[in-house]
Structures are given as structure tokens and as C-alpha cells.
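Trainee: Build the 3D model from these lines:
(2 chains)
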Number of protein chains: 2
Amino acid sequence: MKNIFVIGVGLIGGSFALDIKKQNSDCIIYGIDKNEGHLDEAIKLGIVDKKSSIQDIEKADLVIIAIPVDATLEVLPGVLDKVSDKAIVFDVGSTKEDICLKVKNHPKRRNFLAAHPIAGTEYSGPSAAIYGLYKNKTNIICEVEETAFKLQEKALKLFSELGMRIRYMNPKAHDKHIAYVSHLSHISSFMLGKTVIEKEKNERDIFDMAGSGFESTVRLAKSSPAMWTPIFKQNKTNVIETLEEYINNLKHFKQLMETGDFEAVYNEMETTNHIKDILNGIQ
Amino acid sequence: MKNIFVIGVGLIGGSFALDIKKQNSDCIIYGIDKNEGHLDEAIKLGIVDKKSSIQDIEKADLVIIAIPVDATLEVLPGVLDKVSDKAIVFDVGSTKEDICLKVKNHPKRRNFLAAHPIAGTEYSGPSAAIYGLYKNKTNIICEVEETAFKLQEKALKLFSELGMRIRYMNPKAHDKHIAYVSHLSHISSFMLGKTVIEKEKNERDIFDMAGSGFESTVRLAKSSPAMWTPIFKQNKTNVIETLEEYINNLKHFKQLMETGDFEAVYNEMETTNHIKDILNGIQ
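Mentor: Residues are numbered from 1 along each chain as shown, chains lettered A, B, ... in the order given. Sure, this is the predicted structure:
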């Protein structure tokens, strides 16, 4: 693959660019971004070789769409219109149902692979891009059967070179489960940050009392609202369901405290403690 | 200080023992623990030099009480009864009001320093003890004026040798603010873990989808229920207040999603984003 187009040169797209260039030094990375400053930064940082635009995309061998999920819905059909038959296009979005639906009947559907690499940090923009971001990370691929065999193969070879493990799911199941193991965490973190900031806004000293536990639980509240708002919008039904269950569990815990049933409080925590084993599986 | 008694040879007490021994190689660390297995383990790991009991505590120069906060309430008065006039006793509990109240009128009140080192990990027991746990960490000291000058001095010298920064607060303010920046984080994490485990109990594969964000937000759900239940019990009123505010913020966020007001959803996150600056201050 010679001509690689990266649409969105931030954390996710930029990190793909860095690793791909490292693997194939003779490829050319073309950057497309509606934020001109980000493009300049990406070139300065050596993340992309050239600025480009959607017009040039007909020469692409690979197109990576790494922009917020609402923008992906808008951009993908036009990209597919323009790419050659041999090009593989994949997205990286945290929601998969809407995007698969959007191009369901597109004549070039077989050039597209719906992907969700579970990787990232709470930072964003080109300066957040790093080498090795995808090593040992899970990449969820949806509706693989809708992608042409040869193009599936190309993409999987790339993911494998970057050290990713592949999981296949249907888009509906992806969106439902990812709401629990990712989207809910972000809301829980944002609202925790909000609760504490609101309370302590006049007492900034108080954050001296915060330790690594607080840091860990509110880390995701640093995430980009521009990226997360459209995710919550597209996955609205599932996310609302997880929020409802989370709120009910919190209310139940509060009630146990109010009635002074600390044996039950203990049991609530004890039962959840085996998350240790589950988390050991993640790392 | 020659004879150091550590009551509770787990993560917190054990880590104090390790650093103190490193600083003063000629001191003797006596371990007291109602869990005989933990004591054996602590000796095997070189955390304590000798097993001991409360009866021997009259020869102590320093006593560190590092047990769950309910047990501290029971143990501290008896320890003060027995220590010599020159001994300094400090606790490390995450709640300060009840303990200060408990020994308010104790004839040896001036031998006690109420402390809360903001340090730890989600692990527990002697094997969790590590060197350097307290370096660059905050230690909150309450009612310092109730401790004898010379003994304050001894304790502060020790904390300084271990690399800690000191903050002075009154017990009421400590318990109120720590509910926000620590206790609430633990409940949020436990309930997040519970919500996901309940949903996914028949689909363990799903945890393959979880990334570092999930890991970060549920890390505290690995914490010890035996340690945390009495903290929530002692700080019940404050913790219930934080939970109420947290639940209200989550409900509001859910409502914004239900009504489709994603501009407001964006603003909720945007406003909380400056937690970045606050967290930079922590580290």
C-alpha cells in the first residue's frame, strides 16, 4: 500500500499514521483535516507527509477515517464515491450501527470495513498521537462479510502488523455492549468531576486532598466533548439504558446507607470485588 | 526512635514500616495484627522484625495504627492507656471526626496525632506494602494543637523524611471534603463495576471490549470492603450528601439525552473539561 489517506489527524488517525509509516517507510501519508492548524501541526510533527483533500482520494490505497462519528456519517459516502475499486476504507468510530446503516446500499459498500479499535488516551489532537498505541489492543470489526475478501485481507494484515487482536461482532451488539464498557465510564467520570468541581469551586485547596484514586476515576473527564457528544447521540438508547441501571445501583447503595444497613453495603462491594479477575483479563 | 509498633501490617502500615526501617536501620519494627497469617507474611517479607501485642506497647517510641477506622476507635484508647509519656501515636484513617471525638477527653490525648496520609493503592495486605508509597503525598493532620509540641515535632520529622507534604485541617472539614475527593470516587467505581458485571455476567467475552478507560474508572472497585464499609459508616452524612449530588447530576445528564438536547450535553462536558488543570495540580 503506497498512498495512505488519513482523514482526521488527531490522536487516533495520527497514531495510525505513525505506526503505518514505521512499518512501510516507502508509503506516503496524506493528511486531510478541516482544522488547518492541526494539519500544519501534523506535518511539523512528522505524522503526515502531505496535506491533501477529498478530491485526491481516487489515488488512495487505504483511507482511514478518524473523525467524530457524526462527521464520519457525512464524509464516508463521498469518500466511497471517489475511491478506486482496490482501495480499502475503514473508520474507527465508537458507534457502529448508524455508520453501517448509512452505507448499507452504497455501490462501493465492499470497499468499506467498519472498525473500532479500542485504544486511545484522554488527550486529543495531533500532539496526542503516539507510536504503538494499537499494540495488544482489541479491534472490533463489524459486518466483515460485507467487505470484499481481498480488502478484508489487506486491512487485517495491517491490523496484525500493528499488533492488534481482532474480534468480530454485529453492529447492534457492538453498540449495546460498548455502552456498558466504555460510554458509561465516560459519563460516570464527567459527572463525578462535575459534582466535585461544583462543590469545591470556591475551595481549590481541596484538590490537595485528592489522591490517585480520584485522579483515576475522573481521568476520562478530560476527554473531548466534540468527540463524545455525537457518540452519545448515535448510541442514545443504549447509553440511556446503562445510565438508568447505574443510577438505580447508586440509589440502592445510598438507601442502604440511609437505613444503616452496612452489612449490605459490605456485600455490595464484596460482590463487585471480583472485577479484579475480570480486569486482569484486560491487561 | 528505637521501638516502632505498627498495628495493622497491611498496605498502609507495612509501607510505613518499610520506609521507616530504611531511614533508621537500627530501629526495631514490632508488628501487631489480629490476622496471624498477615503477621507471618509481614515477617517473611521483612516488613516487621518481631511479632508483638498491645501488652508490650509501653516500650514504644512510636505507634502507628493502620487498621480499619472502626477498629481504630476500639483500639486507640487502650493504646493510649498503655504508652509512655514520650511515645507518639498516630492513626491513618480516612475519617477524622469520630476518632478525634473518641479520645477528646483521654488523659493521654496529647500523645495522639490524628493523621490521614492520602496514599494507597487498590491492593491490600502485607504483600501490597511498598517502599516510597508516601513520597510526594499529602498528609492531612487534624487538631494538631491537641498534640504535645515535642511529639508533633517527632511525627512531622518522620513525615518529612518520608517525603510527605503536610496540610492542617479541622476534623469536620476533613470529613466533608474527603467525601467528595475520595469516598464518592470509590462508590462511583464500585457501582460502575456492579452495573457492568450484572449486565454482562453471561457474556464474559464482552470484557475483551473494555479498554484502559474502563480499567481506570473501575480500578477502585478492587478496594477492600472491610476497610471501606466502616469509612462509609463513620462518614455517613457527608457521603450520602455527595451521592445525592452525584445522582442528581447523572439524572440531569440522562434527561438532557432523553430530550435530545445534545448542545447541553456538550456543554456539560465542556464545563467539566477544566478538571485537566486541577488534575495537573495533583500530580
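
Trainee: got the contact list for the residue most central in space within chain A?
Mentor: Centre of chain A computed as the mean C-alpha position; nearest residue by C-alpha atoms, centre = their mean is A:S94, 4.7 Å away. With contacts defined as C-beta atoms under 8 Å, 6 or more residues apart in numbering or on different chains, the neighbours of A:S94 are A:69, A:116, A:178, A:182-183, A:231, A:235. Just so you know, the C-beta spots here come from the backbone N, C-alpha and C atoms, and that holds for glycine as well.

Trainee: Assumed it was part of a strand.
Mentor: No: checked against DSSP: H, G, I helix; E, B strand; the rest coil, A:S94 lies outside a strand; its state is coil.

Trainee: ok, it to chain B distance?
Mentor: Taking C-beta to the nearest C-beta, to the nearest Å as the measure, A:S94 and chain B are separated by 10 Å.

Trainee: Kindly report the same for A:K108.
Mentor: 28 Å.

Trainee: Could you report the pLDDT at the residue nearest to that residue when sequence neighbours are not counted?
Mentor: For A:K108, ignoring the flanking residues on the chain, the nearest one in space by C-beta to C-beta, 6 or more residues apart in numbering or on different chains is A:L80 at 4.1 Å. At A:L80, the pLDDT value in this model is 98.

Trainee: now swap in A:I282 and tell me
Mentor: On the pLDDT scale, A:I282 is placed at 56.

Trainee: Now do the helices in the stretch 51-200 of chain A.
Mentor: Using DSSP state H, counting those that start in this stretch, the helices assigned to the stretch 51-200 of chain A run over residues A:69-82, A:97-102, A:149-161, A:171-178, A:184-200.

Trainee: which of those helices is buried the deepest?
Mentor: Of all those, helix A:184-200 has the most neighbours on average by mean count of other C-beta atoms under 10 Å in any protein chain shown, namely a mean of 24.

Trainee: Run the chain-centre distance for that one.
Mentor: How far helix A:184-200 lies from its chain's middle: 20 Å, per C-alpha atoms, centre = their mean, to the nearest Å.

Trainee: Tally up the residues packed near A:S53, please.
Mentor: Around A:S53 sit 11 other residues, with neighbours defined as other C-beta atoms under 10 Å in any protein chain shown.

Trainee: Hmm, it is touching A:I32, no?
Mentor: Yes: when contacts are counted by C-beta atoms under 8 Å, A:S53 is listed as touching A:I32 (6.1 Å).

Trainee: So which residues of chain A form strands?
Mentor: With DSSP state E as the criterion, chain A has strands at A:3-7, A:28-32, A:50-51, A:62-65, A:88-91, A:112-117, A:138-142, A:165-169.

Trainee: Can you add distance to chain B and mean pLDDT and give the ones you listed back as JSON lines?
Mentor: Written out in JSON lines, the entries for the strands of chain A read as follows (distance: least, C-beta to the nearest C-beta, whole Å; pLDDT from 0 to 100):
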{"stretch": "strand A:3-7", "distance to chain B": "21", "mean pLDDT": "98"}
{"stretch": "strand A:28-32", "distance to chain B": "24", "mean pLDDT": "98"}
{"stretch": "strand A:50-51", "distance to chain B": "29", "mean pLDDT": "98"}
{"stretch": "strand A:62-65", "distance to chain B": "19", "mean pLDDT": "98"}
{"stretch": "strand A:88-91", "distance to chain B": "17", "mean pLDDT": "98"}
{"stretch": "strand A:112-117", "distance to chain B": "9", "mean pLDDT": "98"}
{"stretch": "strand A:138-142", "distance to chain B": "5", "mean pLDDT": "97"}
{"stretch": "strand A:165-169", "distance to chain B": "6", "mean pLDDT": "95"}
